[in-house]
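> Sequence first, predicted coordinates after that:
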Amino acid sequence: MSSYREYMASYLPRLEKYMQEVIAPPAPDVAQHYEMMAYHLGWRDERLQPAQAKAGKRVRPLLCLLACEAVGGTVEAALPAAVSIELLHNFSLIHDDIEDNSPTRRGRPTIWRLWGIPQAINVGDAMFSLARRVLHDLSAWHRPERVLEAFRLFDNVCVALTEGQHLDMRFEETLEVSEAAYLRMIEGKTAALIATSVEMGALLGDATAPVRQAYATFGRYLGLAFQIEDDILGIWGEEVKTGKSTASDILTKKKTWPVIYGLHHPQVGPRLRELYAGPPFTEKDVPYIQALLEEAGARQAAEALATQFHRQALAALDETSITSPAHMALRDLAHALVGREA
């Protein structure tokens, strides 16, 4: 196998089964608590009945498992970490939805909209706790020092996630956000977890220190490219493919990379600043804002930046001289994530 899709078809059933076991209700009186997690993960509907809804791409656990196999490890030895990473990612989404006042995710109402903010906070906290607890399962496969190192990676990325979210919320209050500051924010909010996913897999596959570092660098640049691509889709993507309104980033005045680029443009910037400092946008304002960003060249600049980060990611992979099929699948996945339509 060299296509990431072939590996995904092999990995995902095992990953989903493991995740379902981790969040299975331990007793009837707390069943709803766990079923709300299952709802967020796409396994329940709004009545908490079995369902198969959009559940995210599972990119991070896939990267972890691919990296482990690419350096000679076994999928089973990395599965607890892959589950942990995916639960951590979804914990952050549950809390982000509250902090961003987002009513929908993946085309469905968010947990806080259905069951209230207190329950949603608690569900997020539980998912975080389960993410950390499942890492202990690594002890069945690895020596204590390696398990401890996995916990160190996990804890470090948790701090990075909160730093990125702090900056993201702070940027809502000002127009003075530089491109460098924005990249610092997405480094924590997006790139850090993707980098950790790949590095964790390399660690659990017993990679050498240089290979592990190269894989972490690959993940970092892939994460940056992934987020810039997401920013592009948030303004110019097709709603039927992305699962969210392409107007939402503009309507909420979210300062994604194309907007920051436009705000600093010598000709277009002053008009955009006046608009972003003014009254809330309505649906009628969206086409005009999109047109201004196009006039500033924001879309082309964002696409160029995503391409740059993508190339840097692939260069880091090439440093390893690894040629295993799973390693080639990492390259294949990187290509699929940049230039995507959803």
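That came through, no problem.

> okay, CA-based contacts and neighbour counts for the rest of this
Fine.

> Below-threshold pLDDT in the stretch 1-150 of the chain: ranges please.
Where the stretch 1-150 of the chain drops to pLDDT under 70, the residues are 1-2.

> one more time with 80
Along the stretch 1-150 of the chain, the model assigns pLDDT under 80 to residues 1-2, 55.

> what ranges do the helices span in it?
4-22, 31-40, 59-70, 75-99, 111-115, 117-134, 144-171 (DSSP state H, counting those that start in this stretch).

> Quick check: the gap between Tyr34 and Glu238.
Tyr34 sits at a distance of 33 Å from Glu238 (criterion: C-alpha to C-alpha, to the nearest Å).

> my read: Met37 touches Ala24, true?
No - contact criterion C-alpha atoms under 8 Å: Met37 and Ala24 do not qualify, at 9.7 Å.

> Compare neighbour counts for the two and give me the winner.
Met37 (26 against 14; other C-alpha atoms under 10 Å).

> distance of that one from Thr104?
From Met37 over to Thr104 the distance is 15 Å, taken as C-alpha to C-alpha.

> So for stretch 148-164, what gets flagged as buried?
For stretch 148-164, the neighbour count (16 or more other C-alpha atoms under 10 Å) marks 148, 150-151, 153-154, 157-158, 160-161, 163-164 as buried.

> Now render those as a markdown table, adding distance to Met185.
Shown next, in a markdown table, are the buried residues of stretch 148-164 (distance: C-alpha to C-alpha, whole Å):
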| residue | distance to Met185 |
| --- | --- |
| Leu148 | 28 |
| Ala150 | 24 |
| Phe151 | 23 |
| Leu153 | 19 |
| Phe154 | 19 |
| Val157 | 13 |
| Cys158 | 14 |
| Ala160 | 9 |
| Leu161 | 9 |
| Glu163 | 7 |
| Gly164 | 5 |
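
> What is the nearest of the residues you listed to Met127?
Using C-alpha to C-alpha, Cys158 comes nearest to Met127 of those, at 13.0 Å.

> Now for the closest one: which residues touch it?
Residues near Cys158 by C-alpha atoms under 8 Å, 6 or more residues apart in numbering: none.

> and Val259, how many neighbours?
Neighbours of Val259 (other C-alpha under 10 Å): 31.

> Repeat that for the one 10 residues further on.
As a burial measure, the neighbour count of Gly269 was computed by other C-alpha under 10 Å and equals 19.

> From here on, call the first residue 681.
Okay, residue one is now 681; in that scheme the one you just asked about reads as Gly949.

> you'd agree it is up against Leu943?
Yes - using C-alpha under 8 Å, Gly949 and Leu943 qualify as a contacting pair, with a distance of 4.2 Å.

> Next, the contact list for the residue nearest the centre of the chain, please.
Centroid check for the chain by C-alpha atoms, centre = their mean gives Thr870 as the closest residue, at 5.4 Å. Thr870 sits next to 841, 844, 903-904, 907 when contact means C-alpha under 8 Å, 6+ apart.

> Could you list which residues are in contact with Pro783?
777, 789-790, 792-793.

> Can I get the buried part of these as one ChimeraX selection?
Applied in ChimeraX, the following selects the buried portion of those according to 16+ other C-alpha under 10 Å:
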select :777,790,792,793
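
> and the residue lying farthest from the centre of the chain, which of the three is it?
Of all residues in the chain, Gln947 has its C-alpha farthest from the mean position, at 33.7 Å, by C-alpha atoms, centre = their mean. Under DSSP: H, G, I helix; E, B strand; the rest coil, Gln947 falls in the coil class.

> quick one: contacts for it?
Contacts of Gln947 (C-alpha under 8 Å, 6+ apart): Ala976.

> now swap in Arg685 and tell me
Counted by C-alpha under 8 Å, 6+ apart, Arg685 has zero contacts.

> before we move on, what about Glu983?
Glu983 makes contact with 908-909, 912, according to C-alpha under 8 Å, 6+ apart.

> swap in Tyr941?
With contact set as C-alpha under 8 Å, 6+ apart, Tyr941 has these partners: 859, 976, 978.

> and it, how far is that from Arg951?
Distance from Tyr941 to Arg951, counting by C-alpha to C-alpha: 13 Å.

> do the same with Pro938
Plainly put, Pro938 is 15 Å away from Arg951 if you go by C-alpha to C-alpha.

> who has more neighbours, these two?
Taking other C-alpha under 10 Å, Pro938 and Arg951 do not tie; Pro938 has more neighbours (25 against 15).

> Let me know the secondary structure of the more buried one.
Secondary structure for Pro938, judged by three-state DSSP, is helix.

> Spatially, and excluding backbone neighbours, which residue is closest to it.
Spatially, and ignoring its direct neighbours in sequence, Pro938 is nearest to Ala978 (4.9 Å; C-alpha to C-alpha, 6 or more residues apart in numbering).

> hang on, the earlier thing: okay, Tyr714 and Glu918: which has more neighbours?
The neighbour count for Tyr714 versus Glu918, taken as other C-alpha under 10 Å, is higher for Tyr714 (19 against 15).

> show me the residues around the more buried one that make contact.
For Tyr714, the contact set (C-alpha under 8 Å, 6+ apart) comprises 703-705, 803.
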